[in-house]
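Peer 1: would you be able to build a 3D model of this:
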Amino acid sequence: MYSERAVLKHSFKLILASSLLLILAGKTEAANSILYRGKVTVDDKPFNGKGRFKFALLLGETRIFWQSNVTTDSIEPSESLSLPVRNGRYEVFLGDVGMPPLPKSTSDLLHSLKLRIWFSEGSKKFRVLSTDYSLAEKSIKENSDLSKPKSDEGPFAGYNFFDKSKYSLGKIDAPLIMVEFSDYQCGHCSLFHEITYNKIISTYVETGKMRFIVENFPIRNHSHSQKAAEASYCAGDQGRYWEMRDLLFRHSNRLSLGKIRDLAIQLGLHPVDFNGCLESGKYAEQVEDEKSMGTKIGVKQTPSFILAKVVDGEISGKLIAGGTRWTNIKSEINAFLEEEGRIQNE
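Peer 2: Below you'll find the model as predicted:
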């Protein structure tokens, strides 16, 4: 249970910065979307899990300029957005897919607009987070390198390659992005992680050439892969996501709920917290959402990978299905890097 006082403790933070960063995405005079990154705590602890949010841009205290969904005359939107929150951090593109577009006058009125946010943990009552935040011009960075790449069209429509709530390795501004869709009971996925994965990390991620993002794609006839994926996130609540992920792949051919709990004990996780997280299905929806997104962009088997790069603010890439051999994947990666003169000589 959280108190109103705890929920109202909402700070604006960005990694490597001490204040909120808002970004106008797009290259036209009209604002396509505004990237908002925030942090929320519950009972003085960073919130983890799916949070429900509502957003409104106001002129003054009561005049509605924009809301995250079409609603009545009430300032608070009637419907909420479900956003993943990890270690208290979340981000949202205001005006993006699933929300009304921002008015064309947004850019001109930034100095007058205030952002109001409502938050709910699960089914609890919505509370306003902190005071309204002024969108001062000094907080806006137009046409930033961090602006959201255009992915509303093409094979990767809707996928946010720069969602910092996702587990990933490597620099956010690396020239290449690789997204893995995997299943913890998939033998080919286990083989990939035994050999090829470590070579990718050492050759490309640790050298600053690539950011590696992980997504779950549990196969229907693998009876424990959904819970294994949830378990990795439950371990993440205790700061051991990557270690649990490694153990799950090492034991992929003999996973069961009992084995998953044994692995948690092996890692030294707090058993009550871990089992409570797993049994409650805290991350079930998130795993299902990841699979739905994978299906939308064409994933049909595991492992599958998106190999992409940002070119002139747009995502350029391809979907690689079932690749596990190091020589094949290295060839694909080097072909992408070759244009920028960053090919790895070995």
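Peer 1: would you mind listing the buried residues in stretch 225-244?
Peer 2: For stretch 225-244, the neighbour count (16 or more other CB atoms under 10 Å) marks 225-238, 240-241, 243-244 as buried. Where you see a C-beta, it was placed from the backbone N, CA and C, and this is true even at glycine.
Peer 1: what's the answer for stretch 58-69, then?
Peer 2: Applying a neighbour-count criterion of 16+ other CB under 10 Å, one finds 58, 65-68 buried in stretch 58-69.
Peer 1: correct me if wrong: Leu269 contacts Ser232.
Peer 2: No. Here Leu269 lies out of contact with Ser232, judged by CB atoms under 8 Å, at a distance of 11.5 Å.
Peer 1: overlap in contacts of these two?
Peer 2: Met244 (CB atoms under 8 Å, 6 or more residues apart in numbering).
Peer 1: partner residues bridging the spatially closest residue to Leu169 that is not a sequence neighbour?
Peer 2: The spatially closest residue to Leu169, leaving aside those adjacent along the chain, is Phe212, at 4.7 Å (CB to CB, 6 or more residues apart in numbering). In this entry, Phe212 is beta-bridged to Leu169, Met178, by DSSP bridges.
Peer 1: and Phe212, how far from Ile329?
Peer 2: Using CB to CB, to the nearest Å, one obtains 12 Å as the distance from Phe212 to Ile329.
Peer 1: what sits in contact with each of these two?
Peer 2: Residues touching both Phe212 and Ile329 (CB under 8 Å, 6+ apart): Ile200.
Peer 1: tell me where the model's unsure across the stretch 101-250 of the chain.
Peer 2: Applying pLDDT under 70 to the stretch 101-250 of the chain flags residues 130-131, 135-154.
Peer 1: tell me where it has strands.
Peer 2: Using DSSP state E, counting those that start in this stretch, the strands assigned to the stretch 101-250 of the chain run over residues 113-121, 127-128, 133-134, 140-142, 168-169, 176-182, 210-216.
Peer 1: I'd like to know which of those is closest to Lys309.
Peer 2: With CB to CB as the criterion, Lys309 lies closest to strand 176-182 of the strands of the stretch 101-250 of the chain, at 5.2 Å.
Peer 1: can you name the residues that contact the spatially closest residue to Ala229 that is not a sequence neighbour?
Peer 2: In this structure, Ala229 finds its nearest non-sequential neighbour in Asn216, 4.0 Å apart by CB to CB, 6+ apart. By CB under 8 Å, 6+ apart, the contact list for Asn216 reads 181-183, 229, 232, 287, 290-291.
Peer 1: who does Asn216 form a beta bridge with?
Peer 2: Bridge pairing for Asn216 - DSSP bridges - gives Ser182.
Peer 1: distance check, it against Ala335.
Peer 2: Applying CB to CB, the value for Asn216 to Ala335 is 27 Å.
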